[in-house]
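[1] Structure for this input, please:
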Amino acid sequence: MRLEYFSGERISKAPTEDYPLSGLDKAGEQPSASAGQTFSMRKNCIALGFLLLLGLGLRLYAFNAPPVDFLSWRDTQTLMVARNFFRHNMNLFQPAIDWRTTDEVLAHGTVGGTELQITPWLTALLYYIFGIRYWVGRVVPLFFALLGATFFYRLCYRWFGLQCAFIATFLLTLSPYYLYTGRLQMPESFTFAMVFAALYYYERWTSERSRRDFFCAAFFSAAMLLGKPQVGVTVLPMAVMTFRRMGWRTFWTPAVYGFAVLVVLPVGAFMYYSYGVLLPRTGLSFAQPAILELDQWLLNPSYYRDVGLSLWKWALTPGVVVFALIGLWPFGRSQHRYWPYAWLLGSLLFFFIIPGGVRDNGYYQLILVPPVVLLAARSLSALLTRRSWWRYGVVGIVMLGIALNCLSVALNLWTPRYTDAMHCGEWLKENTPPETLVLSANPSPTMLYFADRTGWTTWAEHYGKGAGFNVEILKKTRKLGAQIVAVPDAWFDNAFQSARYDSMRDVLYDSFHCYKGADFTIFFLGARADLRLPPTNRVAFGRQETRIYLRGTWGPNQGKQETGTFVAMGPAKRAALRFAAPQGAHTLVLAISSAVPEQDVSVEIQGGGTVRHHFEKAFQPAEVHVPLPQASTNGHPVVFLEATKKNADGASLLLYALKTDN
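    Modelled structure (predicted):
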């Protein structure tokens, strides 16, 4: 068949929505006129409508929940952009975030080196109508997720007919990351909606030579690249479509070059602006160049192991993988049977282009889901080439099993994980002035979002330079005006769980006054630490307010009915206490026990003596009396406790109480 692009000539019997381009109704069967009527537009709409209602209903689960689940860091940083669009500037090309670099404190934190912020911009428009609410932030991504499912269905229908389209879209709708990201402030749902639309209209253009399809394909192709440049690997299935229709004439067909110009010009202009203008000016970006360090990842066998396990358990799920492998066999006689392979190959290239992003961000693996579910759907629909109740029963049971597995993974992703960051942020919002500058001990921006404050995270000092929670970043941010150090982590005081805080925990407690929440800690950089003992000169450990006296590696607060509250020393066998000794106090009394039998313990006071004690039995409390020196460092004695053994959990001693006697 001769193809004359933009000649006005039309292909006879052009494919329609009711007559799949593949020429196949069920896999391998040529449809008759009556069969074409059977799969009418009405039944087609019913099938698609069911899938859209299913996708909508599942995403309405906990729809107004705060963004504290699996990807809260990605969700909240985009919600920041939406909030700043709404409050300050609706300029789509000036997206702003609430964290800064350690170079200077900009009045407006414009972020560069990132995708076009379509989703938060549209969300900001909804804020004008409904206000800033959690559920409003989920509407736009939900809409694009359903739009994407619609185009994916229509694309699969044109290729392989109704049965395959229904099964493929069902599997896509329930795919954990597609289901999960389809209600988060992330570019994924918008981007994949554009990907499916671009492929759909490009396929129509290459087969029907319609100007409308040409411009629609160019528009959606540019939109998908603006939404997420990494999905440029979709060019491979597009190239296969082109060569399948046009052969070597592709290289001297003007329309192909016109298409490329329409796509590349806007995308190239925006990429230059975002990466070449904004990023050098502000140093703020959602990404770091480490994700492109190919040698670090591709030459490391653990990369392939970790990504493979993630795909198997989370992104694809086992059932889909198994049937996709079966679907690699080219079922039927459809002229489209090889295109899913090109889509699959293009998606796999993504794993070698941005390995750091794929390894650390499971949602990057979503790019592999569409071709894989299409292959799985081909193998499942092949079982239905003959009408048989047991075949439909088998396929139904398989799809039900896959659905239950996918939903269990999605529920795991939706489970709240970072409520401590929310509680910390809400406390700051209620108890500090709006202009307060905050240093977060956590790399995630979640706490800053809930606090509605400007500040710094310990993810990156600026683009290209990572950061850590250390004295260096504390000094830099203090010079820039930081007033608060917020630790939005319930495990901050637990050395068994948060070894990354060990180097800073003592520095902060020794230097600054703090407020202890149930699952967060706030340090006030303008107020000195107060280590005085309570008026009773006694401290009962195992409570939040007593953590200020502990130094070194101590475990979480605990309590037992028979022995009272306590804290365990570990995982190291040496730790310390520090406090302001009351005037006239001459003896320190520690109530302790051992976590293991036959334990030798030494208690040493800096500038004073050492007392030793032997425990024959585990968990048998004893009081150790230690003379206080006449003079101690700045009036704050440091008491070192050292043990010779620890149990299987890493605990050596249990500290119950401290008191001083005159």
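[2] Could you use CA atoms for every contact and neighbour count after this?
    Will do.
[3] Would you mind measuring from the residue sitting nearest the centre point of the chain to residue 402?
    The centroid of the chain falls nearest to residue 71 when counting by CA atoms, centre = their mean (2.9 Å). From residue 71 across to residue 402, the span is 23 Å (CA to CA, to the nearest Å).
[4] buried sites along stretch 491-499?
    For stretch 491-499, the buried set under the neighbour-count rule, 16 or more other CA atoms under 10 Å, comprises 491-496.
[5] now do stretch 121-140
    121-124, 126-127, 132, 135-140.
[6] tell me how far the ends of it are from each other?
    10 Å.
[7] Outside of that stretch itself, list whatever touches it.
    Here stretch 121-140 makes contact (CA atoms under 8 Å, 6 or more residues apart in numbering) with 63-67, 79, 81-83, 85-86, 90, 92, 119, 183-185.
[8] same question, stretch 58-69
    Against stretch 58-69 from outside (CA under 8 Å, 6+ apart): 75-76, 133-135, 138, 142, 179-180, 182-183, 413-419, 421-422, 446.
[9] of those, buried ones?
    Here, 16+ other CA under 10 Å leaves 75-76, 135, 138, 142, 179-180, 182-183, 413-414, 416, 418-419, 421-422, 446 buried among the contacts of stretch 58-69.
[10] The residue nearest to the centre of the chain: what's it in contact with?
    residue 413.
[11] Over to residue 529?
    With contacts defined as CA under 8 Å, 6+ apart, the neighbours of residue 529 are 509-514.
[12] same deal with residue 591?
    When contacts are counted by CA under 8 Å, 6+ apart, residue 591 touches 621-624, 655-658.
[13] from those, which ones fall inside strands?
    Per DSSP state E, strands hold the following members of those: 622-624, 655-658.
[14] which one of those has the most neighbours?
    Each of those was scored for neighbours by other CA atoms under 10 Å, and residue 656 scores highest at 24 neighbours.
[15] There's contact between that residue and residue 559 in this structure, I believe.
    No - counting by CA atoms under 8 Å, residue 656 does not reach residue 559; the two are 9.5 Å apart.
[16] who touches both of these two?
    542, 565-566.
[17] okay if I get those as TSV plus neighbour count?
    Compiled in TSV, those are given as follows (neighbours: other CA atoms under 10 Å):
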residue	neighbour count
542	22
565	18
566	24
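[18] Export those residues as JSON lines, with columns for pLDDT, distance to residue 50 and secondary structure.
    As requested, the shared contacts of residue 656 and residue 559 are exported to JSON lines (pLDDT from 0 to 100; distance: CA to CA, whole Å; DSSP: H, G, I helix; E, B strand; the rest coil):
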{"residue": "542", "pLDDT": "92", "distance to residue 50": "55", "secondary structure": "coil"}
{"residue": "565", "pLDDT": "91", "distance to residue 50": "56", "secondary structure": "strand"}
{"residue": "566", "pLDDT": "94", "distance to residue 50": "57", "secondary structure": "strand"}
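[19] Which one of the residues you listed is nearest to residue 190?
    Nearest to residue 190 out of the shared contacts of residue 656 and residue 559 is residue 542 (CA to CA; 48.5 Å).
[20] what sits against the closest one?
    Going by CA under 8 Å, 6+ apart, residue 542 touches 556-559, 565-567, 656.
[21] so how many other residues sit close to residue 433?
    10.
[22] For residue 300, see how far away it is.
    48 Å.
[23] cool, residue 357 as well?
    In terms of CA to CA, residue 357 sits 15 Å off from residue 300.
[24] re earlier: using pLDDT, spot the least trustworthy of the contacts of residue 542.
    Least confident entry in the contacts of residue 542, by pLDDT: residue 559, with 85.
[25] pLDDT score for the nearest residue to residue 68 once chain neighbours are set aside?
    Excluding its sequence neighbours, the residue lying closest to residue 68 (CA to CA, 6 or more residues apart in numbering) is residue 418, at 4.9 Å. Confidence at residue 418, expressed as pLDDT, is 96.
[26] Over to residue 392?
    pLDDT, residue 392: 88.
[27] ok, now residue 564?
    With respect to pLDDT, residue 564 has a value of 80.
[28] Equivalent analysis for residue 2, please.
    The model's pLDDT for residue 2 equals 34.
[29] related to what we said a few turns ago, please list all residues in contact with the residue nearest to residue 68.
    So residue 418 contacts 68-69, 72 (CA under 8 Å, 6+ apart).
[30] and what of residue 155?
    Here residue 155 is in contact with 165, 196, 199-200 (CA under 8 Å, 6+ apart).
[31] Now for those residues: which two are most distant?
    Across the contacts of residue 155 (CA to CA), the longest gap, 14.7 Å, separates 165 and 199.
[32] Looking at those two, which one has more neighbours?
    Legend: neighbour count by other CA under 10 Å for residue 165 and residue 199, higher for residue 165 (26 against 22).
[33] Now do the same contact list for that one.
    153-157, 377.
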